[in-house]
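Trainee: turn this into a model:
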Amino acid sequence: MDEETNQIRTSTLFKRLFKTSNLEQFMKKNTGQMQLQSFSKYITELCKNQGQVPERIIKRANIERSFGHQIFKGTRKPSRDTVLQLAFGFDADVDTAQDLLKHAGMSALYPRVRRDAAIIYCLHNRFTIVETQSVLNELELPLIGGGSRVK
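Mentor: Coordinates of the predicted model:
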């Protein structure tokens, strides 16, 4: 396998990193392995792979239409919550949601954080964004996208 053009497994990269005695040399040798595809390119390809159109993903994500299209074009950067909304728009499982967050440069969902745990549960059980907002509201946790909880 030509490692300059093909991606290696992350676990292999970890092993190399832990074994190296020279970080600078490691960085130079593995530069091509340490770059993620842009978020807009990633979601566009994910959309295509699912046989979907951005308009449908944006609508299911409950994101304002023009803002959603700007994210797909790469002219606007999403917040972590917007990435999570897109995960629901893509009907993503937990792993895909984590990949979306990674490609957006955001922190992963972490089950020790109550809100993240609730979102993980909802993704795992294939809840819609509306169903997820209801769960968050019932648990008195901040809604995705910053909307206020129903009193």
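Trainee: so the most centrally placed residue in the chain versus Q25, what's the distance?
Mentor: Centroid check for the chain by C-alpha atoms, centre = their mean gives L100 as the closest residue, at 1.8 Å. According to C-beta to C-beta, to the nearest Å, L100 and Q25 sit 32 Å apart. For glycine as for every other residue, the C-beta is placed from the backbone atoms N, C-alpha and C.
Trainee: what helix or strand does the residue nearest to the centre of the chain sit in?
Mentor: Per DSSP states H and E: L100 is located in helix 94-103.
Trainee: now swap in I120 and tell me
Mentor: Element membership of I120, judged by DSSP H and E, is helix 114-124.
Trainee: what sits up against that helix?
Mentor: Helix 114-124 is contacted from outside by 84, 87-88, 92-94, 97, 109-111, 131-132, 135-136, 139, 141-142, 144, using C-beta atoms under 8 Å, 6 or more residues apart in numbering.
Trainee: cutoff 6 Å now
Mentor: If you take C-beta atoms under 6 Å, 6 or more residues apart in numbering as the criterion, helix 114-124 is touched by 94, 97, 109-111, 132, 135-136, 139, 141.
Trainee: try stretch 48-62
Mentor: Contacts of stretch 48-62 (C-beta under 6 Å, 6+ apart): 47, 68, 72, 85-86, 88-90, 129.
Trainee: which PyMOL command selects the buried ones in the residues you listed?
Mentor: Burial among those is assessed by 16 or more other C-beta atoms under 10 Å; the matching PyMOL selection reads:
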select buried, resi 47+68+72+85+86+88+89+90+129
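Trainee: what residues does the residue located most distally from the centre of the chain make contact with?
Mentor: For the chain, the residue at maximal distance from the C-alpha centroid (C-alpha atoms, centre = their mean) is S21, at 32.7 Å. For S21, the contact set (C-beta under 6 Å, 6+ apart) is empty.
Trainee: helix, strand or coil for it?
Mentor: The three-state label given to S21 by DSSP: H, G, I helix; E, B strand; the rest coil is coil.
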